[in-house]
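# Generate a structure from the sequence data that follows.
(one chain, ligands or ions: 1)
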Amino acid sequence: MKYAGAATLTALAGCSGGGGGDGGGDDYGHEVPHPDDGTVPEAEMNAQALNGQERPDEPNQGKDAVGYAHEPSGDQYCGNCSLFVPDQDGDGFGACLLVKGKVHHCDYCNLWSSYTGDDVVECSA
Ligand code: SF4
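Below you'll find the predicted structure:
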């Protein structure tokens, strides 16, 4: 719960829209592809996901293998996935228990798992 305030601010900032229109990511206000893809900052390396589990050093899923998309799938997105590790260092990106690299809360993959707690990181275009 210690990250709830920062996560909320990040959610608002990260999803304020960009309107690029050349791919889903631009509509959700973040860089596509993500910077430093495949790695995460120290702050998120072993941080806690929304489901309370600690992130392992080396998640084993690459983004290509899980149908990673830089936009939500309907009302399903990383910020309301139980495997999401919210942004810990204020760079606008979090991480994932299973998928390598930085993860934006407005992104999505085939491993999505519903989370409905109070600390969901909301996404809207
Ligand atoms: S939707 Fe996929 S990439 Fe996003 S947090 Fe969930 S499992 Fe990780």
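# Residue 46: neighbour count?
13 (other C-beta atoms under 10 Å). C-beta here means a position set from N, CA and C on the backbone, and glycine is covered the same way.
# wait, isn't it in contact with residue 54?
Yes. Taking contacts as C-beta atoms under 8 Å, residue 46 lies within contact range of residue 54: 5.5 Å.
# In this protein, mark out all the helices, start to finish.
4-14, 42-45 (DSSP state H).
# looking at these, which has the lowest confidence?
Mean pLDDT is lowest for helix 4-14 among these, at a mean of 40.
# Apart from its neighbours in sequence, what residue is nearest residue 35?
residue 102 (6.9 Å; C-beta to C-beta, 6 or more residues apart in numbering).
# Distance check, the one you found against residue 114.
Separation of residue 102 from residue 114 (C-beta to C-beta, to the nearest Å) stands at 22 Å.
# Contact partners for residue 81?
50, 96, 111, 112, 113, 114, 115 (C-beta atoms under 8 Å, 6 or more residues apart in numbering).
# residues from this structure in reach of the ligand?
78, 81, 83-84, 96, 98-99, 103, 107-109, 111-112 (C-beta under 6 Å from any ligand atom).
# Could you give the number of residues near the closest residue to residue 40 other than its chain neighbours?
Among residues not flanking residue 40 along the chain, residue 95 sits closest, at 4.4 Å (C-beta to C-beta, 6+ apart). Residue 95 has 27 neighbours, counted by other C-beta under 10 Å.
# That concludes my questions; thank you for your assistance.
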